[in-house]
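*Asks:* Okay, structure incoming, though there's no sequence with it:
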């Protein structure tokens, strides 16, 4: 395992992602505006010659809305696919209905779990639950399961300690989760809690999660856990969720939403999820491939914009990405090491910027990696990407 981590560190340290960036055309368009297709296509992107390492900005702008409607429910990826949907991005709700057949799990980011006192728990955020939308999504895809994300919110160290020291607390917590799931017609939960607990306290958390999973399973509900990367980004060190915890929880839980994105780097700019790092996060977690199908490999459908003058970066969603392509018509560069596209442009008063954003090629490469490793996918999040990405799923 140490050898794998060392090799990963060397690859990322010396890979092309950190070499001098190629110059791109930063001139604003002075002639006609780039066109955008508004009609669906009768062919998926795979058959239209669009999944390439050298896409042109004008082609991305032209084609990004034009997905193959005839195959909008047809799956190309056989593993589990989880898609996150957020209340603040309504387009994600539409994507889930249109492409529901391509997903096995949909996770609306609706809920928070709060501890109100001894053996007293409350699930908040229920005002965001949309039963009509849930029915519409299920109608479009047989067997699709809706598993809202449940965030442990405002928990103190004392709250956690009280729960894992008391079987009565764990029982009440389990009852609360099951009751909410049943009353709201959920199929289970995606539980987000791991990153809130310090490393030396993970033993108690494993104990609680094991009991929660048992209670959910008895009620025929799913338990999926959000976990941080198994390799700390930018280093060769193990992450906060290691092979040890994996071996304890993999037989118990139904899935693990692995956050293989948001790759930070002291050297700006940097890709969102370098492919060698993504691969290592899976291999370090489950080197024997015993439970690989339970890993849902994180796939970002957003990008990042890096400002050289401010030394800062900020997230980029699809509309801004398309607008930037329209305004600057940049030359898109394929980073062979990270397996991501980026381009450089200049703002009149903002100086030099470098933008990384998913493309058909970068998404396709990660789908191929997921197939090779025998894992599923978790997409953050459905409203942020380009519509024609879903032809690939």
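*Replies:* It's in. It should be emphasised that the depicted structure is a prediction, and the values quoted were computed from it without experimental measurement.
*Asks:* now the helices: where do they sit in the stretch 101-250 of the chain?
*Replies:* The residue ranges that make up the helices of the stretch 101-250 of the chain, judged by DSSP state H, counting those that start in this stretch, are 131-140, 157-164, 167-184, 202-218, 243-249.
*Asks:* Give the buried residues for the last one.
*Replies:* To tie it back to what came earlier, the one meant is helix 243-249. Under the neighbour-count criterion of 16 or more other C-beta atoms under 10 Å, helix 243-249 has 243, 245-246, 248-249 buried. Just so you know, the C-beta spots here come from the backbone N, C-alpha and C atoms, and that holds for glycine as well.
*Asks:* Downstream of it, the next helix or strand is which one?
*Replies:* Of the helices and strands lying after helix 243-249 in sequence (DSSP states H and E), the nearest is strand 255-258.
*Asks:* Return the distance of the helix or strand following that following strand from the chain's centre.
*Replies:* Scanning the chain past strand 255-258 towards its C-terminal end, the next helix or strand to appear is helix 275-285 (assignment: DSSP H and E). For helix 275-285, the separation from the chain centroid amounts to 15 Å (computed by C-alpha atoms, centre = their mean, to the nearest Å).
*Asks:* next one: stretch 200-208
*Replies:* 25 Å.
*Asks:* Okay, now the unreliable bits of this protein?
*Replies:* Low-confidence segments of the chain, defined by pLDDT under 70, span residues 1-32, 265-267, 350.
*Asks:* out of the buried residues of helix 243-249, who's nearest residue 182?
*Replies:* Distance from residue 182 was checked for each of the buried residues of helix 243-249 by C-beta to C-beta. The minimum falls on residue 249, at 24.0 Å.
*Asks:* my read: that closest one touches residue 208, true?
*Replies:* No: contact between residue 249 and residue 208 fails when scored by C-beta atoms under 8 Å: they sit 11.0 Å apart.
*Asks:* returning to what we had before: can you list the helices of the stretch 101-250 of the chain in JSON lines and add distance to residue 77?
*Replies:* JSON lines is the format used below for these (distance: least, C-beta to C-beta, whole Å):
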{"stretch": "helix 131-140", "distance to residue 77": "17"}
{"stretch": "helix 157-164", "distance to residue 77": "37"}
{"stretch": "helix 167-184", "distance to residue 77": "27"}
{"stretch": "helix 202-218", "distance to residue 77": "26"}
{"stretch": "helix 243-249", "distance to residue 77": "23"}
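*Asks:* Pull out the buried residues from stretch 156-172.
*Replies:* Along stretch 156-172, these residues count as buried under the neighbour rule (16+ other C-beta under 10 Å): 159-160, 162-164, 169-170, 172.
*Asks:* Check stretch 148-155 too.
*Replies:* Within stretch 148-155, the residues that count as buried by 16+ other C-beta under 10 Å are 148-152, 155.
*Asks:* Return the subset of those residues lying in strands.
*Replies:* Applying DSSP state E to the buried residues of stretch 148-155, the entries found in strands are 149-152.
*Asks:* nearest to residue 253, of those?
*Replies:* The shortest approach to residue 253 among these belongs to residue 150, at 13.5 Å (C-beta to C-beta).
*Asks:* hang on, the closest one packs against residue 192?
*Replies:* Yes: A contact is recorded between residue 150 and residue 192 when judged using C-beta under 8 Å, the distance being 6.9 Å.
*Asks:* rewinding a little: now the buried residues of stretch 156-172 as JSON lines including distance to residue 236?
*Replies:* Converted to JSON lines, those look like this (distance: C-beta to C-beta, whole Å):
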{"residue": "159", "distance to residue 236": "34"}
{"residue": "160", "distance to residue 236": "30"}
{"residue": "162", "distance to residue 236": "37"}
{"residue": "163", "distance to residue 236": "34"}
{"residue": "164", "distance to residue 236": "31"}
{"residue": "169", "distance to residue 236": "39"}
{"residue": "170", "distance to residue 236": "37"}
{"residue": "172", "distance to residue 236": "42"}
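*Asks:* Quick check: the farthest pair among these?
*Replies:* 160 and 172 (14.7 Å).
*Asks:* so residue 298, which of the three states?
*Replies:* strand (DSSP: H, G, I helix; E, B strand; the rest coil).
*Asks:* was I right about it contacting residue 260?
*Replies:* Yes: under the criterion of C-beta under 8 Å, residue 298 makes contact with residue 260 at 4.1 Å.
*Asks:* rewinding a little: can the ones in strands among the buried residues of stretch 148-155 go into JSON lines with extra columns for distance to residue 304?
*Replies:* Supplementary listing: these in JSON lines, determined by distance: C-beta to C-beta, whole Å:
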{"residue": "149", "distance to residue 304": "22"}
{"residue": "150", "distance to residue 304": "27"}
{"residue": "151", "distance to residue 304": "23"}
{"residue": "152", "distance to residue 304": "27"}
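*Asks:* Thank you, goodbye.
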